[in-house]
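Asker: based on what follows, work out the 3D shape:
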Amino acid sequence: MNATLTRTCTAAALTAFLVVGTGGVGTAFAEDTPSVPDTSSEVNADLDGNPIPQAPADTDVSVDQGGDSGNANHPMNPDGCPPDAGFSFSNVKGTFVGDKSKTVYGQSGVTLSVSVAKGHTWTGTITYSAKLSESYLIASAEESISGSISYAKTTTVTLGGSWQVPKNQKDGWLALGSKGYSFNWEHGSYNGGCKWIVSSHGTAKLPATSPYIAHS
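Answerer: Numbers count the residues shown, from 1 in each chain. This next block holds a predicted model:
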């Protein structure tokens, strides 16, 4: 007698796989030690059973840097030209700043899970054309953009949850992150003719609020 083995597979049972370690295979799960309760049976729930929020859309942020009409967005010394060296900020946006090491991706119908231990730290990103003090840049951003901006954030509790990419969405992600800011920056000063001279420039994406889990 011949036996026939029939296997069925539905879209709802799809699981994303990531390579873990050397030659290993696992589910789409960004895991940290210690482990947390399994919530894989929930399609949209954190460790407390609450729905995981969608990451906020980027929003424009107005920044008043005391520039004059001829030198917009550039810091001005109240004593006139030339002022001390300073920073100029532009294209400032409120945005979700995710931790790349705690971000998982999947296609429509895939259930994604993230687990993050208490005490986990991640940083924002800063690019430069010429190296300068990051603390100097962040201190200026705190003064001009938001006093809550920082270079790094650390979880104070264990965080985690699962979220299924909707079937009407081609792909999606689940991540640890923080509401924060992205912006372009310049460091420079005015010369005797009140012309802004740039000594370095770059971009930054920095966290500002307490860490939490969000989806796309």
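
Asker: how close does H215 sit to T127?
Answerer: 27 Å (C-beta to C-beta, to the nearest Å). Every residue, glycine included, has its C-beta placed from N, CA and C.

Asker: in terms of neighbours, single out the busier of those two.
Answerer: H215 (22 against 11; other C-beta atoms under 10 Å).

Asker: contacts only, for that one.
Answerer: N44, I52, P53, Q54, A55, L112, W163, G172, W173, L174, A175 (C-beta atoms under 8 Å, 6 or more residues apart in numbering).

Asker: the last one touches L112, doesn't it?
Answerer: No: here A175 lies out of contact with L112, judged by C-beta atoms under 8 Å, at a distance of 9.1 Å.

Asker: between the two, what contacts are shared?
Answerer: The contact lists of A175 and L112 share V104, H215, where a contact means C-beta under 8 Å, 6+ apart.

Asker: between these two, which has more neighbouring residues?
Answerer: L112 (28 against 24).

Asker: show me where the chain has helices.
Answerer: 134-144 (DSSP state H).

Asker: now render the contacts of H215 as TSV, adding distance to V92 and pLDDT.
Answerer: What follows is the contacts of H215, written out as TSV (distance: C-beta to C-beta, whole Å; pLDDT from 0 to 100):
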residue	distance to V92	pLDDT
N44	32	93
I52	27	96
P53	23	96
Q54	22	96
A55	18	96
L112	30	97
W163	29	97
G172	27	97
W173	24	98
L174	27	98
A175	22	98
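
Asker: out of those, which end up buried?
Answerer: Listed as buried from the contacts of H215 are N44, I52, A55, L112, W163, G172, W173, L174, A175; burial here means 16 or more other C-beta atoms under 10 Å.

Asker: and F87, how far from S162?
Answerer: Distance from F87 to S162, by C-beta to C-beta: 41 Å.

Asker: what pairs with the longest strand along the chain, parallel or antiparallel?
Answerer: Ordering each strand of the chain by length in residues (DSSP state E) puts strand 86-107 first. Take DSSP bridges as the rule and strand 86-107 pairs in its sheet with strand 59-60 (antiparallel), strand 171-190 (antiparallel).

Asker: just the mean pLDDT for the first one, thanks.
Answerer: If I follow you right, that is strand 59-60. Across strand 59-60, pLDDT averages out at 96.

Asker: roughly how far is that strand from the heart of the chain?
Answerer: With C-alpha atoms, centre = their mean, to the nearest Å as the basis, strand 59-60 stands 15 Å off its chain's centre.

Asker: residues contacting it, please?
Answerer: Contacts of strand 59-60 (C-beta under 8 Å, 6+ apart): V92, K93, G94, T95.

Asker: now, which of the residues you listed sits nearest G202?
Answerer: G202 lies nearest to V92 out of the contacts of strand 59-60, by C-beta to C-beta, at 13.9 Å.

Asker: point out where the chain drops to low pLDDT.
Answerer: The model of the chain has pLDDT under 70 over residues 1-42, 64-83.

Asker: show me where it has strands.
Answerer: 17-20, 24-27, 29-30, 44-46, 59-60, 86-107, 111-116, 121-123, 125-126, 152-154, 159-164, 171-190, 196-207, 212-215.

Asker: ok, which of those comes nearest S140?
Answerer: Closest among these, using C-beta to C-beta: strand 86-107, at 4.2 Å.

Asker: can you give me the angle that closest one makes with strand 196-207?
Answerer: 40 degrees (axes from the mean of the first three to the mean of the last three C-alpha atoms, to 10 degrees).
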